[in-house]
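Undergrad: Sequence and predicted model, in that order:
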Amino acid sequence: MMMSDTAKDRTTHLLKKRGSVSSLSSHEFRWKEARGRTKDSMSTVSYMDEPCQPEDASRLTVHMENTYQLGPTKRFSAVIVNHILKDVLTTYLQEEQYEPELCRQMTKTISEVIKAQVKDLMIPRYKLIVIVHIGQLTGQSILIGSRCLWDPKTDDFASFIFRNSSLFALANVYTVYFE
């Protein structure tokens, strides 16, 4: 199936405009497969990582207007996030035994799951920080502290501790309002 000349010209023009260049300079390249059929082939290389031309820079820059909004329209609900923390930790760790390598991977997985579920709440203009600690439960005590610089009127956190017969888990979610 061959492209018409106008379609080729249009394609070449769009590729050059987008920053892509045809490796064959819009010439057709015919090659035969092992069964003897011929095919048309045109390969393109995109140069998205290279700096763009000055006239393209204004097109790519996003200009945002000031909203002059001093506070959040929707507040972070620690109660809802506590339910999310409880559900996720219980689901993932209820039957697990402590194994260092498995728990190392589980902290990453659980953090991503919690972050995704909190993002689904669609609280605008909040930055999320999710921290999960998992350790072996052998009768020892542990003290975990965190410090943050924030505005107590807009920023908040939620925390949940989970324990089973061989491990403990602590999950913290911090939300910081982004002005």
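TA: Thanks, I have the structure now. Residues are numbered from 1 along each chain as shown.
Undergrad: Tell me where the longest helix sits in this structure.
TA: helix 100-119 (DSSP state H).
Undergrad: Next, the buried residues of the helix or strand just after it.
TA: Later in the chain than helix 100-119, the nearest helix or strand by DSSP states H and E is strand 126-136. Judged by neighbour count using 16 or more other CB atoms under 10 Å, the buried positions of strand 126-136 are 126, 128, 130, 131, 132, 134. Every C-beta, even on glycine, is put in place using the N, C-alpha and C of the backbone.
Undergrad: measure the third one to residue 165 for me?
TA: Counting by CB to CB, to the nearest Å, the separation of residue 130 from residue 165 is 25 Å.
Undergrad: of the buried residues of strand 126-136, closest to residue 169?
TA: The nearest member of the buried residues of strand 126-136 to residue 169, counting by CB to CB, is residue 134 at 4.7 Å.
Undergrad: Let me know whether that closest one touches residue 109 as I believe.
TA: No: look at residue 134 against residue 109 with CB atoms under 8 Å: they stay out of range, at 10.7 Å.
Undergrad: Contacts for the helix or strand that contains residue 159, please.
TA: According to DSSP H and E, residue 159 maps onto strand 156-163. Strand 156-163 is contacted from outside by 75-76, 78, 81-82, 85-86, 89-90, 93, 137, 168-175, using CB atoms under 8 Å, 6 or more residues apart in numbering.
Undergrad: Next: stretch 117-131.
TA: In contact with stretch 117-131 (CB under 8 Å, 6+ apart) are residues 69, 72-77, 80-81, 84, 88, 111, 114-115, 146, 171-179.
Undergrad: Quick check on those residues: which are buried?
TA: Using 16+ other CB under 10 Å, the buried ones in the contacts of stretch 117-131 are 72, 76, 81, 84, 88, 111, 114, 171-177.
Undergrad: okay, and the helix or strand of this protein with the least pLDDT?
TA: strand 29-32 (a mean of 40; mean pLDDT, DSSP states H and E).
Undergrad: how far away is residue 91 from residue 159?
TA: From residue 91 over to residue 159 the distance is 18 Å, taken as CB to CB.
Undergrad: pLDDT averaged over stretch 134-144 - what is it?
TA: Summarised as a single mean, pLDDT over stretch 134-144 is 90.
Undergrad: cool, and stretch 70-84?
TA: Mean predicted lDDT for stretch 70-84 stands at 88.
Undergrad: re earlier: what about the contacts of stretch 117-131, which are in helices?
TA: Using DSSP H, the contacts of stretch 117-131 in helices are 80, 81, 84, 88, 111, 114, 115.
Undergrad: follow-up on the earlier one: what about dumping the CA coordinates of the longest helix of the chain to PDB?
TA: C-alpha atoms of helix 100-119 as PDB (Å, rounded to 0.1, in the frame of the first residue of the first chain):
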ATOM      1  CA  PRO A 100      13.500  -8.600  55.600                       C
ATOM      2  CA  GLU A 101      13.600  -8.700  51.800                       C
ATOM      3  CA  LEU A 102       9.800  -9.200  51.400                       C
ATOM      4  CA  CYS A 103       9.100  -6.400  53.800                       C
ATOM      5  CA  ARG A 104      11.400  -4.100  52.000                       C
ATOM      6  CA  GLN A 105       9.500  -4.600  48.800                       C
ATOM      7  CA  MET A 106       6.200  -4.400  50.600                       C
ATOM      8  CA  THR A 107       6.900  -1.000  52.000                       C
ATOM      9  CA  LYS A 108       7.400   0.400  48.500                       C
ATOM     10  CA  THR A 109       4.200  -1.400  47.200                       C
ATOM     11  CA  ILE A 110       2.100  -0.300  50.100                       C
ATOM     12  CA  SER A 111       3.300   3.300  49.900                       C
ATOM     13  CA  GLU A 112       2.400   3.400  46.200                       C
ATOM     14  CA  VAL A 113      -1.100   1.900  46.800                       C
ATOM     15  CA  ILE A 114      -1.800   4.300  49.700                       C
ATOM     16  CA  LYS A 115      -0.600   7.300  47.600                       C
ATOM     17  CA  ALA A 116      -2.800   6.200  44.600                       C
ATOM     18  CA  GLN A 117      -5.900   5.800  46.800                       C
ATOM     19  CA  VAL A 118      -5.400   9.200  48.600                       C
ATOM     20  CA  LYS A 119      -4.900  10.800  45.200                       C
END
